[in-house]
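Peer 1: this one's structure only:
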């Protein structure tokens, strides 16, 4: 279902209570990596590639951590200029997975690419100064000149529910409508909707005076 930019609203974080964050262990990450080796996951990856290669504007459902990692990595691998990410604290098995990190680092390794990340100050406070295995942000440091990371107390809502967002270039998106359960809507080819609705709502938050710039090395400190 499509929503126009007016359907999204910006609110302050204090009106939304997140669940406690479970500190991840190396074992948690290892167990997650093992889930990629199955026929079901191979079939899902093939289906995503087929949708992408056909230039379909189909909006399809995406749920669960493994499926999320596949979509993120696909968006990163197909993006040629800019990736925009609106998230909580990016402290989870998806962002720490090899598939996610390899694709994002490969994107940044290409010429004329840039990454914009907007994180929640409230969610960041839950993991700051805690042991973080295999931190994504340490690996992003060599590409710091291409990256702008900000944090904000505000959130993006649709139908009064918190949403997270990843936009690849001007045509691909993963709109997470239920962040706790990793349920999202995905489209790999809809330039009109991305340009007219999703980029404007992202930019409104990212360019707000309330959004504070932070450095890769200090995100979790």
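Peer 2: Everything's here; your move. Quantities reported herein were computed from a predicted structural model and do not represent experimental measurements.
Peer 1: How about the contacts made by residue 85?
Peer 2: For residue 85, the contact set (Cβ atoms under 8 Å, 6 or more residues apart in numbering) comprises 115, 116, 117, 118, 165, 166, 167. Using the backbone N, CA and C atoms, a C-beta is placed for each residue, glycine as well.
Peer 1: List just the nearest of those residues to residue 65.
Peer 2: residue 166 (14.5 Å; Cβ to Cβ).
Peer 1: hang on, the earlier thing: would you mind checking the contacts of residue 85 for buried ones?
Peer 2: 115, 116, 117, 118, 165, 166, 167 (16 or more other Cβ atoms under 10 Å).
Peer 1: ok, now which ones touch the first one?
Peer 2: Taking Cβ under 8 Å, 6+ apart as the criterion, residue 115 is in contact with 82, 83, 85, 104, 107, 108, 140, 143, 146, 147, 148.
Peer 1: I'd guessed the first one sits against residue 113; true?
Peer 2: Yes - between residue 82 and residue 113 a contact is recorded at 7.0 Å, counting by Cβ atoms under 8 Å.
Peer 1: just to confirm, which helix or strand has residue 99 in it?
Peer 2: Element membership for residue 99, per DSSP states H and E: helix 98-109.
Peer 1: what does that helix rub up against?
Peer 2: 33, 36, 69-70, 72-74, 76-77, 79, 83, 94-95, 113, 115, 136, 139-140, 143, 146-147.
Peer 1: Relative to its centre, which residue of the protein is most distant?
Peer 2: residue 39 (25.4 Å; Cα atoms, centre = their mean).
Peer 1: Phi first, then psi, for it.
Peer 2: phi -60, psi -40 (degrees, to the nearest 10).
Peer 1: Next, work out how far apart it and residue 62 are.
Peer 2: As for residue 39, its distance to residue 62 is 19 Å (criterion: Cβ to Cβ, to the nearest Å).
Peer 1: my guess is residue 165 meets residue 84, correct?
Peer 2: Yes - here residue 165 reaches residue 84: they are 7.3 Å apart, a contact under Cβ under 8 Å.
Peer 1: between those two, what contacts are shared?
Peer 2: residue 202.
Peer 1: How far away from the center of its chain is stretch 153-170?
Peer 2: Counting by Cα atoms, centre = their mean, to the nearest Å, stretch 153-170 is centred 10 Å from the centre of its parent chain.
Peer 1: Give the buried residues for it.
Peer 2: 154-157, 162-170.
Peer 1: From the opening residue of it to its closing one, how far?
Peer 2: Stretch 153-170 stretches 26 Å from its first residue to its last (Cα to Cα, to the nearest Å).
Peer 1: ok, back up a step: what about the contacts of helix 98-109, which are in helices?
Peer 2: 33, 69, 70, 72, 73, 74, 76, 77, 136, 139, 140 (DSSP state H).
Peer 1: Give the ChimeraX command for selecting the buried subset of those.
Peer 2: Only the buried entries of the ones in helices among the contacts of helix 98-109 go into this ChimeraX selection, using 16+ other Cβ under 10 Å:
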select :33,69,70,72,73,74,76,136,139,140
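Peer 1: tell me which of the ones in helices among the contacts of helix 98-109 is nearest to residue 186?
Peer 2: Out of the ones in helices among the contacts of helix 98-109, the member with the shortest distance to residue 186 (by Cβ to Cβ) is residue 74, at 9.0 Å.
Peer 1: Now do the strands for this protein: every range, in order, please.
Peer 2: 8-12, 60-63, 82-86, 114-120, 147-152, 154-158, 161-162, 164-168, 172-178, 183-187, 212-214 (DSSP state E).
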